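1. Sequence and predicted structure, then a few things I'm wondering about:
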Protein chains: 2
Amino acid sequence: MSTSAPPPNARERQKRERRLALIEAAQRLVGERGLDDVTVEEISSAAGLSTRTFFNYFDSKDDAVLGIQEIELDAEVRAQFVSGGPSGRLMTDLEALVAGFLTNAAPNIEQGERAMRLMVAEPRLVQRHIAWHQRVIGELEQLLAERRTARPSPVDDDTIGMVAGLLMRSSALAWARSGYEGDAAAHLPEAVAQLRLLLDD
Amino acid sequence: MSTSAPPPNARERQKRERRLALIEAAQRLVGERGLDDVTVEEISSAAGLSTRTFFNYFDSKDDAVLGIQEIELDAEVRAQFVSGGPSGRLMTDLEALVAGFLTNAAPNIEQGERAMRLMVAEPRLVQRHIAWHQRVIGELEQLLAERRTARPSPVDDDTIGMVAGLLMRSSALAWARSGYEGDAAAHLPEAVAQLRLLLDD
DNA sequence: CTGCAACTTGCACTCACTGCAAGAATAGAG
DNA sequence: CTCTATTCTTGCAGTGAGTGCAAGTTGCAG
């Protein structure tokens, strides 16, 4: 299950290694000394790279700590959702889609766990994490537009997007509460149940 | 309704005026030239203040553009919620609470409208806006803890907090879609309805 | 081996944001 | 009105994030 395919050529391999080294250094140093007492320069040289190169890999210090990367949604999951599936009931299908995002979100489970732990100590990271959700939701809203032709819905895109974001975060929190058992996607049903519970008073 | 009580002494009045001047300058300049092509120095001197003073009023450039301020929840609304009211049904009471936050959020309705418009053009502002929601939700979670003694609930604080945040943003978006009719709180029921619609498939 | 493309790096720069200490304005007591 | 304590503003000097550019380096294909 997804450390993704090991890349064949040296270029891609190094790229991956450097990226990992930066995340590892960032998480370790920030864990030891706090977000504001670690500079990008320190992270970079701990990873054996220049500061300038750091910014070729990440847009910000926070992104490196969280190990944020572009999410690539599984083509099959994507196609199924767009064509109005898999179940035809929006909320159910949304759940499947979110699960797809969640499993692709953190290729390295330990890295994700460390990121979650650091978020507890550094609230700023939570905001950055949510900002990243926003990007995912942007992706999702394109899919929604396509799906509408196949299966219209009275619920507007914004609401659907926000609920998706809520489910992502809620799953992550439930995952943390469980002591990081399994992966975040495994706690999605729990998140949905909580939401229903609240809405039904 | 609520430009709040006009303060009596000159100190408080000037403080308010300067704050307003900074927000006005920030919104105008950013509207004209974009968030990244306006410096804090430009905003400050447009408002007739020093750069240093700018940061006595706001934590960041983005905050000034959004006109972000500490929210003060109505003491009565607060007390009622904590003691398990007003209706006793969590979702309903949450709605009342969120309405309370929303009406206190933007003392100046035009300023809020300009902020919403700028968010469309500058996605970074959306993130900052959501980050501000987080702070409000932090406040809310304290109330939730107190309310639990009066009226326990099987739904966890995180979920409730996230739904509150969702309702705030959803109301704001509905307000924008309506062409800024009334205030954001007026569109809360619409937001709740959309959410229920989605959850009930 | 050679030339091409991708990647890294140093450099110079802008600007957000902070702590500090000195100075100006104001409130309030007398 | 005057004096004083308090609050607010400001300049200054500094840190560090993040960017554009141009010059090297490194891996890749033919």
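-> Received, thanks. What you are looking at is a predicted structure, and each value in this text was computed from that prediction instead of being measured. Numbers count the residues shown, from 1 in each chain, chains lettered A, B, ... in the order given.
2. for chain A, which spans come out with low pLDDT?
-> Chain A contains residues with pLDDT under 70 at A:1-8.
3. can you tell me which residue is nearest the centre of it?
-> In chain A, the residue lying closest to the centroid (C-alpha atoms, centre = their mean) is A:Ala105, at 4.0 Å.
4. That residue: what's its closest spatial neighbour, skipping adjacent residues?
-> Spatial nearest neighbour of A:Ala105, excluding adjacent residues (C-beta to C-beta, 6 or more residues apart in numbering or on different chains): A:Ile71 at 5.9 Å. From N, CA and C alone the C-beta is placed, and that goes for glycine too.
5. A:Ser178 too?
-> In space, and not counting its chain neighbours, A:Ser178 is closest to A:His187: 6.6 Å by C-beta to C-beta, 6+ apart.
6. A:Arg19 too?
-> For A:Arg19, the spatially nearest residue (C-beta to C-beta, 6+ apart) is A:Tyr57, at 5.6 Å.
7. same for the biggest helix by length in chain A, what does it pack against?
-> As assigned by DSSP state H, the longest helix anywhere in chain A is helix A:123-150. Here helix A:123-150 is seen to pack against helix A:61-66, helix A:75-82, helix A:90-105, helix A:109-121, helix A:157-177, helix B:123-150 when contacts are counted using 3 or more C-beta pairs under 8 Å, 6 or more residues apart in numbering or on different chains; DSSP states H and E.
8. got the angle for that helix vs helix A:157-177?
-> 130 degrees (axes from the mean of the first three to the mean of the last three C-alpha atoms, to 10 degrees).
9. Does DNA strand D have contacts with helix A:123-150?
-> No: between helix A:123-150 and DNA strand D, judged by C-beta under 7 Å from any atom of the strand, nothing touches; the nearest distance is 9.5 Å.
10. for that helix, the distance to its chain's centre please.
-> On the basis of C-alpha atoms, centre = their mean, to the nearest Å, helix A:123-150 sits 10 Å off its chain's mean C-alpha point.
11. so that helix versus helix A:90-105, what angle?
-> Relative orientation of helix A:123-150 and helix A:90-105, computed by the same axes, to 10 degrees: 130 degrees.
12. List the buried residues in helix A:123-150.
-> A:125-133, A:136-137, A:140, A:143-144, A:147 (16 or more other C-beta atoms under 10 Å in any protein chain shown).
13. List just the nearest of those residues to DNA strand D.
-> A:Arg128 (9.5 Å; C-beta to the nearest atom of the strand).
14. is any part of the longest helix of chain A close to DNA strand C?
-> No: using C-beta under 7 Å from any atom of the strand, we find that helix A:123-150 stays clear of DNA strand C, coming within 11.3 Å at best.
15. Between helix A:109-121 and that helix, find me the angle.
-> 120 degrees.
16. Touching, A:Gly161 and A:Ile137? I think so.
-> Yes: counting by C-beta atoms under 8 Å, A:Gly161 touches A:Ile137, with 4.2 Å between them.
17. how about the residues of chain A near DNA strand C?
-> Within chain A, the positions adjacent to DNA strand C are A:11, A:14-15, A:18, A:48-53, A:56-57 by C-beta under 7 Å from any atom of the strand.
18. related to what we said a few turns ago, next up, the contacts around the residue nearest to the centre of chain A.
-> If you count contacts by C-beta atoms under 8 Å, 6 or more residues apart in numbering or on different chains, A:Ala105 has them with A:71, A:112, A:136, A:168, A:184.
19. Against A:Ala172, how distant is it?
-> For A:Ala105, the distance to A:Ala172 equals 9 Å [C-beta to C-beta, to the nearest Å].
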